[in-house]
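>>> Predicted model and sequence follow; I will ask about them next.
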Amino acid sequence: MVHTKLKYTPYFSISSFTFIMIRLMLLVCVLVSFAAAIPWLSPAYWLSPRAWPCPEDAAIAPCTCYADDDLNLFMDCQNLDSFQQLVDIFQVDFPFKKFGRLQISNSDLRDTLTAAVFPDGFMFREVIMFSNNFLDVDPDTFLPSKTELTFMEFSDPTPNFPLPAELTQLPELREAVLSVNCSEIPAWASDSLVTLTIRCLQDTEFPSPLNLSHLSALHLHHTNLLGVPVNSFVGSPGLQTLSLNNDQLASFDDGALSFTALHQLDISSNALTTMPQLTCGCEIQWLLGEDDATMPLIGIQNVTLVCDDGSGKFDDIRNVLDQLC
């Protein structure tokens, strides 16, 4: 008896291509399900006109959030109606909280600014705030940004500075521009600050000394500064530019003007009638400049040097100091 081997033919067959397509479809389904929990996985998130990686515009209005080509984030808040509006905006779900710059301006906030306004995670490299009618500001407000903050500009008639008493707590801070209702400049110490501008709205006392070891430029013009104590600048040996114009200075104590690297000193528009006698030594090289035309005090009268013969020519003194200092 002959047995015939029957060939089995399935009711349907799956080609390799079809099998691959089915697996791709399953993968898409998985991604779509994840997108519900992770918004940025959704195609709609990328195709919508929103300013990703910022929140929806309507959620933070009137603030605006945007990113530059290098993905630095910027937050700009203007014309806020109340302090609570500012608080509510920073309670919105932000995809990212590390900002290149925060600016808050021209707002009527009338409350005390504290770190609680910016919940855990917010960090700012630059902070600019002016004309906001803050009642006060906690000096520790921006300590959460201590590893990022390099620039601070703050202008409001608050009694306190927006910086901690221990400026070393902000080790990356390079420049500060501050205008508040102060009567004393803090005796700050910092190894990072390079440029400092302060304007006080009251008659102002100057600390002695100001220990800013890397300070290059100090601007205290229009500060109602009453005096400059002896050795005020010995803690800032790299100081090159000092602006004391439009203050209330009537004189300088002997030893107040002691510098090692100063190139420019502006003490115009004060009530100065006399200047301290300066002893001829290495400490006056800053005063002589490279030539008579570049002397920092060229427009100030009654500057006397004990080694000056009265001729008003300082070339011989410069030559000696260049050789010996």
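Sure thing, it's come through.

>>> by contact count, what packs against the helix or strand containing residue 322?
Following DSSP states H and E, one finds residue 322 within helix 315-324. Packed against helix 315-324 by the contact rule (3 or more CB pairs under 8 Å, 6 or more residues apart in numbering; DSSP states H and E) you find helix 285-288. (C-beta placed from N, C-alpha, C; glycine too.)

>>> And the spatially closest residue to residue 190 that is not a sequence neighbour, how close does it get to residue 97?
Leaving aside its chain neighbours, residue 190 sits nearest to residue 167 (4.3 Å; criterion: CB to CB, 6 or more residues apart in numbering). Residue 167 sits at a distance of 24 Å from residue 97 (criterion: CB to CB, to the nearest Å).

>>> of these two, who's got more company?
Using other CB atoms under 10 Å as the criterion, residue 167 and residue 97 rank with residue 167 on top: 23 against 15.

>>> Please read off the pLDDT at the more buried one from the model.
The model reports residue 167 with a pLDDT of 93.

>>> Ok, residue 52 next?
Looking at residue 52, the pLDDT reads 67.

>>> what do you get for residue 83?
Note on residue 83: pLDDT of 97.

>>> if I pick the residue lying closest to it once chain neighbours are set aside, what's in contact with it?
Residue nearest to residue 83 in three dimensions, not counting chain neighbours: residue 111, with 3.7 Å by CB to CB, 6+ apart. With contacts defined as CB atoms under 8 Å, 6 or more residues apart in numbering, residue 111 is in contact with 83, 134, 135.

>>> Look up how far residue 206 lies from residue 94.
41 Å.

>>> isn't residue 117 right up against residue 90?
Yes - using CB atoms under 8 Å, residue 117 is in contact with residue 90, at 6.0 Å.

>>> which phi and psi does the residue nearest to residue 190 have?
phi -70, psi -20 (degrees, to the nearest 10).

>>> Hmm, it is touching residue 187, no?
No - with contact defined as CB under 8 Å, residue 167 does not count as touching residue 187 (9.8 Å).

>>> Count the neighbours of the spatially closest residue to residue 150 that is not a sequence neighbour for me.
Nearest residue to residue 150, sequence neighbours excluded (CB to CB, 6+ apart): residue 174, at 4.8 Å. Residue 174: 15 surrounding residues under other CB under 10 Å.

>>> for residue 174, what are its contacts?
The neighbourhood of residue 174, defined by CB under 8 Å, 6+ apart, consists of 150, 151, 192, 193, 194, 195.

>>> rerun at 10 Å
The contact partners of residue 174, by CB atoms under 10 Å, 6 or more residues apart in numbering, come to 149, 150, 151, 152, 190, 192, 193, 194, 195, 214.

>>> Would you list the buried entries among the residues you listed?
Among these, those scoring as buried are 149, 150, 151, 152, 190, 192, 193, 194, 195 (criterion: 16 or more other CB atoms under 10 Å).

>>> Between those, which sits nearest residue 225?
Closest approach to residue 225 among those (CB to CB): residue 195, at 17.8 Å.

>>> pLDDT value on the closest one, please?
Note for residue 195: predicted pLDDT of 98.

>>> which ones are touching it?
Contact analysis of residue 195 by CB under 10 Å, 6+ apart lists 151, 174, 175, 176, 177, 212, 215, 216, 217, 218, 219, 241.

>>> ok, now how distant is it from residue 321?
Residue 195 is 28 Å from residue 321, where distance means CB to CB.

>>> what's the answer for residue 219, then?
Distance, residue 219 to residue 321, using CB to CB: 27 Å.

>>> repeat for residue 96
With CB to CB as the criterion, residue 96 and residue 321 are 55 Å apart.

>>> Between these two, point out the one with more neighbours.
Neighbours were counted for residue 96 and for residue 321 using other CB under 10 Å; residue 321 has more, 18 against 15.

>>> what's residue 73 sitting at in phi/psi?
Dihedral pair for residue 73: phi -90, psi 140, per degrees, to the nearest 10.
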